[in-house]
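>>> Build me a structure from this.
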Amino acid sequence: QVQLVESGGGLVQAGGSLRLSCAASGRTDRSYAMGWFRQAPGKEREFVAAISRSGSSTDYTDSVKGRFTISRDNRKNTVYLQMNSLKPEDTAVYYCAAGRIMYGTRRQAKEYDYWGQGTQVTVSS
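Predicted structure coming up:
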């Protein structure tokens, strides 16, 4: 079992920045690919970004490319999502997820085995 705890969400004005963190605990002797997803009110959960086990591969949904950066520190069992140039449409609950994905990254939520409780990000216009 792996437990994931997100932090770093909050209220920010459009154009501002936030950095989300996701700390993993439990069975962290195994390495997992990590992903960030988000869910806005009345919408389905959507893929945001993912990073491979080693950190050598990353993937982003088109709407955040050039604004968001995913990274990880395997010594700290933590993954980050740096969000710059935030827009009101980025408002959502952001979830991190861990998946037993051997190589590369995945965009589908079903590929991930463990999920955090989410952190709210609100971007005001």
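
>>> OK, contacts around Ser85?
Gly15, Ser17, Arg67 (Cβ atoms under 8 Å, 6 or more residues apart in numbering). Where you see a C-beta, it was placed from the backbone N, CA and C, and this is true even at glycine.

>>> Low-confidence bits of the chain, can you list those?
Applying pLDDT under 70 to the chain flags residues 29.

>>> At the geometric centre of it, which residue do we find?
Against the mean C-alpha coordinate of the chain, by Cα atoms, centre = their mean, the closest residue is Trp36 at 2.3 Å.

>>> From what I see, that one and Tyr94 are in contact.
Yes: applying Cβ atoms under 8 Å as the test, Trp36 and Tyr94 come out as touching, 6.1 Å apart.

>>> Find residues that contact each of the two.
Taking Cβ under 8 Å, 6+ apart as the criterion, Trp36 and Tyr94 both touch Leu20, Val48, Leu81.

>>> just curious, which of those residues is nearest to Pro88?
Val48 (15.9 Å; Cβ to Cβ).

>>> Now that closest one: closest residue in space that isn't a chain neighbour?
Nearest non-adjacent residue to Val48, counting by Cβ to Cβ, 6 or more residues apart in numbering: Trp36, 4.3 Å away.

>>> Okay, helices next: where are they in this structure?
Shown for the chain, no helices are assigned by DSSP state H.

>>> Quick one: the strands in it, in order.
Counting by DSSP state E, the chain has strands at residues 2-7, 10-13, 18-26, 33-39, 46-51, 58-60, 68-73, 78-83, 92-99, 114-115, 119-124.

>>> Perfect, that will be all.
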